[in-house]
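Chemist: From the sequence below, what's the structure:
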Amino acid sequence: MKIEKITCHVLSTPIQQPFTSSRGWIYKTRGTCLVEIETDDGIVGWGECYGPSAVAKAFIDTQFAARIKGRDPFDVEVIWEELYNRIKDYGNKGMAIAAISGIDIALWDIIGKACNKPVHKLIGGAFRSEVQAYATGLYFVDMDNLVGEAVEEAEGYVEEGFGAIKMKIGLGSIRKDVERVAAVRRAIGPDVRLMVDANHCFSVPMAIRLGRQLEELDVEWFEEPISPEDIDGYVEVARALDMAVAGGENEFTRWGFRDAIVRKAMDIVQPDVCAAGGLTECKKIAALASAHGVECVPHAWGSVVGVAATVHFLAAMPDQPPSLFPCPPLLEFEQCENPFRDHLGLEPIVQHKGVVQVPTRPGLGVEIDRKVLDKYRVG
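Modeler: Below you'll find the model as predicted:
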């Protein structure tokens, strides 16, 4: 079996309800880059690259495609190392690694289909047949009703059966953030897990001051409190707070995560399989985290392909730590409008009462609806 063809599909679509976070960006569209790899015997694998789609496509078309054509897809780790070493002088982080991630996921999909096994069986086996999902939402939409809209949205997730919710913070005022989080906590009650995500908008002192007040509201983790480059600052915040500090969705490869993990700058690392290096590299990041007593809860923000890859990754991840009453790693199930997750697969990945079943079909267990692919393709 040899790799015969590599195709990148750049997808984009406007969304009906724009939203924003503490970064101030107004999200008006959704986009992604899907990687389709076909072998000489007709097996097709799908992968996904996180980040600006056209940039990922450019890396694959100009740097990577020619280097993997004719290769054996079972040499997945050999291919990963060769691609990384080809570009690490100028691309050891960022979109170059996201492009490798898409290729890596597609190769694992091919391997699974060739072996007639789901991917999780090939990367270690299934510790669980279903994963617990948390609802990511509560962005800023109506700036005149930030508390009311958050309460209404959170109550809706509880009614759907979610046992955990992550909400956005970063309103420029500790008082405003605490007021909004407190209102949500009152609305959902004490038994629903609640996390907050600041999208790295705070200084170290402000993150510590806010974090201490959020602890009183039984917030489980404080995600991206400060800028991702400031590992020393993360150490300060993590040492100052009793609740967990999380981060890493914008970090790449085992080398990128090494210092944060070894120094325990974060209690929870959040690699994205579509960004940090694919399944091959994220398994190593998770092993590094486990060796240092750091939890791994992957970030997920993508199409049915990326979500499926994340579910397989979670299925093959042991409880952290193992115990009589384990606390398995959670699946991020974002709640913003996402037609690429909900409509692109012939059988979409869905949650029921906050639970997602681990796919059991060969490969990722995802078949792409090419009519929908054509509908959203822009490049």
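Chemist: got the buried residues for stretch 79-90?
Modeler: For stretch 79-90, the neighbour count (16 or more other Cβ atoms under 10 Å) marks 79-80, 83-84, 87 as buried. (C-beta placed from N, C-alpha, C; glycine too.)
Chemist: Can you lay out these as a markdown table showing secondary structure?
Modeler: Compiled in a markdown table, the buried residues of stretch 79-90 are given as follows (DSSP: H, G, I helix; E, B strand; the rest coil):
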| residue | secondary structure |
| --- | --- |
| 79 | helix |
| 80 | helix |
| 83 | helix |
| 84 | helix |
| 87 | helix |
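Chemist: between those residues, which is closest to residue 320?
Modeler: Top of the list for closeness to residue 320, among the buried residues of stretch 79-90 and by Cβ to Cβ, is residue 80 at 24.6 Å.
Chemist: my guess is the closest one meets residue 102, correct?
Modeler: No - contact criterion Cβ atoms under 8 Å: residue 80 and residue 102 do not qualify, at 11.9 Å.
Chemist: which residues do those two both contact?
Modeler: residue 278 (Cβ atoms under 8 Å, 6 or more residues apart in numbering).
Chemist: In three-state terms, label the nearest residue to residue 378 once chain neighbours are set aside for me.
Modeler: Using Cβ to Cβ, 6 or more residues apart in numbering and skipping residues adjacent in sequence, the residue nearest residue 378 is residue 12, 4.7 Å away. Using three-state DSSP, the structure places residue 12 in strand.
Chemist: ok, residue 12 to residue 59 distance?
Modeler: As for residue 12, its distance to residue 59 is 18 Å (criterion: Cβ to Cβ, to the nearest Å).
Chemist: Same drill for these two, tell me which one is more crowded.
Modeler: For residue 12 and residue 59, the more surrounded residue by other Cβ atoms under 10 Å is residue 59, and the numbers stand at 25 against 16.
Chemist: can you pull the contacts of that one?
Modeler: Contact partners of residue 59, counting by Cβ under 8 Å, 6+ apart, are 87, 91, 95-96, 99.
Chemist: go on, residue 161?
Modeler: 352-355.
Chemist: Present those as TSV; the columns should include pLDDT and distance to residue 219.
Modeler: Listed next are the contacts of residue 161 as TSV, based on pLDDT from 0 to 100; distance: Cβ to Cβ, whole Å:
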residue	pLDDT	distance to residue 219
352	96	26
353	96	23
354	97	18
355	98	23
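Chemist: Just the ones of those in helices?
Modeler: Counting by DSSP state H, no part of the contacts of residue 161 is found in helices.
Chemist: of all the residues you listed, which two lie farthest apart?
Modeler: 352 and 354 (7.8 Å).
Chemist: How is the protein partitioned into domains?
Modeler: Domain segmentation of the chain under automatic domain parsing yields 3-116+370-376, 121-357.
Chemist: Throw those into CSV and include distance to residue 363, thanks.
Modeler: Shown next, in CSV, are the domains of the chain (distance: least, Cβ to Cβ, whole Å):
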stretch, distance to residue 363
domain 3-116+370-376, 3
domain 121-357, 9
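Chemist: so how far is residue 136 from the residue nearest to residue 193 when sequence neighbours are not counted?
Modeler: Take residue 193 and drop its neighbours on the chain: the residue closest to it by Cβ to Cβ, 6+ apart is residue 164, 3.7 Å away. Applying Cβ to Cβ, the value for residue 164 to residue 136 is 10 Å.
Chemist: got a list of what residue 21 touches?
Modeler: By Cβ under 8 Å, 6+ apart, residue 21 lies in contact with 139-140, 168, 170, 197, 199.
Chemist: what's around residue 331, how many residues?
Modeler: 26.
Chemist: How about residue 279?
Modeler: If you count neighbours by other Cβ under 10 Å, residue 279 ends up with 27.
Chemist: what does the one 10 residues further on give?
Modeler: Neighbouring residues of residue 289 were enumerated by other Cβ under 10 Å; the total is 24.
Chemist: tell me the secondary structure for it?
Modeler: For residue 289, the assignment made with three-state DSSP gives helix.
Chemist: Just give the number of residues close to the nearest residue to it once chain neighbours are set aside.
Modeler: Excluding the flanking residues, the one nearest residue 289 by Cβ to Cβ, 6+ apart is residue 296, at 4.6 Å. Using other Cβ under 10 Å, residue 296 has 24 other residues around it.
Chemist: What's opposite residue 296 in the beta bridge?
Modeler: Note on residue 296: beta-bridge partners by DSSP bridges are residue 269.
Chemist: if I look at it, how far off is residue 271?
Modeler: Applying Cβ to Cβ to residue 296 and residue 271 gives a distance of 7 Å.
Chemist: And residue 327, by the same measure?
Modeler: 19 Å.
Chemist: So for those two, which sits in the more crowded spot?
Modeler: Per other Cβ under 10 Å, whichever of residue 327 and residue 271 has more neighbours is residue 271, with 31 against 12.
Chemist: Would you agree that one falls within a strand?
Modeler: No - with three-state DSSP as the criterion, residue 271 is assigned coil and is not in a strand.
Chemist: now the helices: where do they sit in the chain?
Modeler: 53-59, 65-68, 76-91, 95-115, 119-122, 146-160, 174-188, 204-215, 231-240, 253-262, 278-291, 304-315, 339-342, 370-376.
Chemist: Would you mind finding the most buried of those?
Modeler: helix 304-315 (a mean of 29; mean count of other Cβ atoms under 10 Å).
Chemist: Next one, pLDDT for residue 379 please.
Modeler: pLDDT recorded at residue 379 is 75.
Chemist: Setting aside sequence neighbours, what's the nearest residue to it?
Modeler: Per Cβ to Cβ, 6+ apart, closest to residue 379 is residue 10, 3.6 Å.
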